[in-house]
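Trainee: All I have is the shape, not the residue letters:
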């Protein structure tokens, strides 16, 4: 299976927040992009990648790391004025960014952050403490997310690993609900070899386990295209789980079945902030209300 290639310039763009800050306007206008995986062939003949074995690269898996390769990256600026509610700026980061200058992030207007904590049941973000605690001390409301590998172990197993390694929640008004990143498989078949009903069952198992351990249903990060293909556009999570939609365009577009609005929108994979650029669908007081539960 071909492995993705990242150029030194692409790595620099992702890892240097200061450079991202200086080139923010150009990034939004020209489509300056974070590196993404090249689409890999979906073939049953390909040898599966196993956690902890050759080919496993969790340090390069993050919210949206597979999106641009599958859905494109149009040159577009988010049409915030067209959205019904006031929008609040934020970001998401992972071990890919390393140590983040959170005081600079806050000074540039970010009010929240999601931080990758875990992947599967064998990886924890080595920069998690600096990113999770640093964003908190800079005054951001922050939360943790888990990169799902549905073909590696059960939803409950991965949820327990996640909650035990940073994916908790407390009613302090500074902690977002834990989040599940469920997107295109960076290691092979788009839907991880699961049927649509099996995928729904996996997500439900993860969700109910997180809820039982934290008191919060997890935010679900996905794209409409992936959700439609891999869950059959299942609408049963909308009443309990906030939606974090990924779409690199001028608007969030058509949402997965059941959700009447997105709670978060990841609209670009580079920009003013390190990592990915996000908007919370509401003013800062509503963001605090979400954190309080």
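Mentor: Received the coordinates, thanks. If you're wondering where the values come from, they're calculated on a predicted model, not measured in any experiment.
Trainee: what about the helices in the stretch 151-293 of the chain?
Mentor: Secondary structure of the stretch 151-293 of the chain (DSSP state H, counting those that start in this stretch): helices located at 155-164, 196-214, 224-231, 284-292.
Trainee: Tabulate those in TSV, adding columns for distance to residue 147.
Mentor: All C-beta atoms are positioned from the backbone trio N, CA, C, and that covers glycine. Output for those, formatted as TSV (distance: least, Cβ to Cβ, whole Å):
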stretch	distance to residue 147
helix 155-164	9
helix 196-214	12
helix 224-231	14
helix 284-292	22
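Trainee: now these as JSON lines including mean pLDDT and mean neighbour count?
Mentor: Putting these into JSON lines (pLDDT from 0 to 100; neighbours: other Cβ atoms under 10 Å) gives the following:
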{"stretch": "helix 155-164", "mean pLDDT": "98", "mean neighbour count": "21"}
{"stretch": "helix 196-214", "mean pLDDT": "98", "mean neighbour count": "19"}
{"stretch": "helix 224-231", "mean pLDDT": "98", "mean neighbour count": "21"}
{"stretch": "helix 284-292", "mean pLDDT": "97", "mean neighbour count": "16"}
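Trainee: Identify whichever of these lies nearest to residue 88.
Mentor: Of all those, helix 284-292 sits nearest to residue 88, with 5.4 Å by Cβ to Cβ.
Trainee: Do you have the helices of the stretch 1-150 of the chain handy? List them.
Mentor: All helices of the stretch 1-150 of the chain, identified by DSSP H, counting those that start in this stretch, fall at 8-15, 17-22, 24-30, 67-71, 102-107, 128-137.
Trainee: ok so, going back, and residue 266, which of the helices of the stretch 151-293 of the chain is closest to it?
Mentor: helix 224-231 (12.5 Å).
Trainee: Contacts made by the closest one with the rest, please.
Mentor: 70-71, 182-184, 190-192, 194, 196, 199-200, 203, 233-234, 245, 247, 253-257 (Cβ atoms under 8 Å, 6 or more residues apart in numbering).
Trainee: Which of these fall in strands?
Mentor: When DSSP state E is applied, the contacts of helix 224-231 are split such that residue 245 fall in strands.
Trainee: Just the buried residues of the contacts of helix 224-231.
Mentor: Among those, those scoring as buried are 70-71, 182-184, 190-192, 194, 199-200, 203, 234, 245, 247, 255-257 (criterion: 16 or more other Cβ atoms under 10 Å).
Trainee: Would you enumerate the residues in contact with the residue nearest to the spatial centre of the chain?
Mentor: Centroid-nearest residue in the chain, with Cα atoms, centre = their mean: residue 63, separated by 2.9 Å. Listed by Cβ under 8 Å, 6+ apart, the contact partners of residue 63 are 92, 94, 114, 116, 145, 147, 181, 183, 221, 244, 246, 266, 276.
Trainee: ditto for residue 234
Mentor: 196, 200, 227, 256, 257, 258.
Trainee: I figured the second one hits residue 220, correct?
Mentor: No. Because the distance of 11.7 Å does not satisfy Cβ atoms under 8 Å, residue 200 is recorded as not touching residue 220.
Trainee: Would you mark the buried spots in stretch 237-251?
Mentor: Quick answer for stretch 237-251 (16+ other Cβ under 10 Å): 237, 238, 241, 242, 243, 244, 245, 246, 247, 248, 249.
Trainee: ok, so of these, who is nearest residue 164?
Mentor: Nearest member of the buried residues of stretch 237-251 to residue 164, counting by Cβ to Cβ, is residue 241, at 20.6 Å.
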